[in-house]
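1. quick one: sequence and predicted model below, then my questions.
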Amino acid sequence: MSGDHHDDALISRRVRRLETLLEEKGVLSGGALDEVIDAFLSGASPANGARVVARAWTDPAFRSRLLADGTAAVRELGFMDGSYQRLRVVENTETLHNVIVCTLCSCYPLRLLGPSPSWYKSESYRSRVVREPRAVLAEFGLGLPADTEISVWDSSAETRYMVLPRRPAGTESLDETELAALVTRNALIGTAAV
Amino acid sequence: MPDRFAPGDLVRTYLHDPPHHTRLPRYARGKRGVVVEAEGGAQLADVSAQGRDDAPVEQVYAVRFAARDLWGEGDHHVVLDLWESYLEEDPEDER
């Protein structure tokens, strides 16, 4: 298992040193890496995942395509990049709740969810959610009925997971944009409901 | 090459503790699970993580484990993405 993220400062120093060397050797021009990273992050936001969810809530055909082949369905909306090969969307129902984790490191569908929160990368979340998800979710303020089944999806290979939360009652009159505004990052991870 | 496993197949993960990187988490070693679906081929991370360029491409499967089988308690399930060579058939009559 890879270590926790307490040695970020050390890694940052190594990255800066490497970047400097690459620039000194003329492999990279100054600032080139920052431009690439900025361009990547500017397209990465939980607003993207929220748009996917709102579309699925309002368009049953899209919802079917999304659950059958997440990669192709989010590509329809312009959300897919080369950083991972496959997206699998898992749907919450009245009887089933899904939550995602990466116990080995911190794999995450960044383009759809934005940069991951620090707790997602913590050893505590990664080790506990696969063992006692009901207790962990309760700590997030999400109390599930005792008979709700829980599936934890541990992203140990190339697939990235996103949760399709349940559409809340009483939202029939809302349009797609208003619905998207209800969807939080944690709901897309499965540590909150909408 | 055809997939070795189909959705619904009963499998067991290997118990081996390799001296190199692997994507089979320790908590899921030697455990019984059920294949959910094939995810597509990917280079075996155990080999590619060693910086070798001869990593075989294997089918990766989503495999579902009961918490009771992983931890001895709990009523939830955990789904892991596992390379084909991590798995072997686990006939139902052994259960």
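-> On my side now, so go ahead.

2. flag every buried residue along the helix or strand hosting B:R68.
-> Using DSSP states H and E, the element containing B:R68 is helix B:67-71. Burial within helix B:67-71, assessed by neighbour count using 16 or more other C-beta atoms under 10 Å in any protein chain shown, is assigned to B:A67, B:D69, B:L70, B:W71. Yep, even glycine has a C-beta here, placed from its N, CA and C like the rest.

3. okay, those residues in JSON lines with distance to chain A and pLDDT next?
-> Converted to JSON lines, the buried residues of helix B:67-71 look like this (distance: C-beta to the nearest C-beta, whole Å; pLDDT from 0 to 100):
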{"residue": "B:A67", "distance to chain A": "8", "pLDDT": "98"}
{"residue": "B:D69", "distance to chain A": "13", "pLDDT": "97"}
{"residue": "B:L70", "distance to chain A": "8", "pLDDT": "98"}
{"residue": "B:W71", "distance to chain A": "6", "pLDDT": "97"}
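
4. now the residues you listed as a markdown table including distance to A:D8?
-> Output for the buried residues of helix B:67-71, formatted as a markdown table (distance: C-beta to C-beta, whole Å):
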| residue | distance to A:D8 |
| --- | --- |
| B:A67 | 32 |
| B:D69 | 35 |
| B:L70 | 30 |
| B:W71 | 30 |
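
5. and which of these is nearest A:V27?
-> Proximity of the buried residues of helix B:67-71 to A:V27 was ranked by C-beta to C-beta; the top entry is B:L70 with 45.7 Å.

6. so what's the closest one up against?
-> Neighbour list for B:L70: A:V130, A:R131, B:Y27, B:A28, B:K31, B:V78 [criterion: C-beta atoms under 8 Å, 6 or more residues apart in numbering or on different chains].

7. now do the helices in the chain.
-> As the question left the chain open, I've gone with chain A. Across chain A, reading from the start of the chain, the helices by DSSP state H fall at A:8-24, A:32-42, A:46-58, A:60-68, A:70-76, A:110-113, A:118-121, A:123-128, A:133-139, A:176-180, A:185-189.

8. looking at chain B here, not the other one
-> Applying DSSP H to chain B gives helices spanning B:45-48, B:67-71.

9. and A:E172, how far from chain B?
-> 32 Å (C-beta to the nearest C-beta, to the nearest Å).

10. near chain A, which residues of chain B?
-> Within chain B, the positions lying close to chain A (C-beta under 8 Å from any C-beta of the partner chain) are B:23-27, B:39-40, B:42, B:45, B:60, B:62, B:64, B:67, B:70-71, B:74-83.

11. please name the residues that touch B:V78.
-> Remark: with contacts taken as C-beta under 8 Å, 6+ apart, B:V78 is in contact with A:V130, A:S151, A:V152, A:W153, A:D154, B:A28, B:R64, B:F65, B:A67, B:L70.

12. now the buried members of these.
-> The neighbour-count test (16+ other C-beta under 10 Å) marks A:V130, A:S151, A:V152, A:W153, A:D154, B:A28, B:R64, B:F65, B:A67, B:L70 as buried among these.

13. let's have those in a markdown table, adding distance to A:E178.
-> Compiled in a markdown table, the buried ones among the contacts of B:V78 are given as follows (distance: C-beta to C-beta, whole Å):
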| residue | distance to A:E178 |
| --- | --- |
| A:V130 | 35 |
| A:S151 | 29 |
| A:V152 | 31 |
| A:W153 | 28 |
| A:D154 | 34 |
| B:A28 | 41 |
| B:R64 | 36 |
| B:F65 | 39 |
| B:A67 | 38 |
| B:L70 | 41 |
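
14. how close does A:L104 get to chain B?
-> Distance check for A:L104 against chain B: by C-beta to the nearest C-beta, it reads 6 Å.
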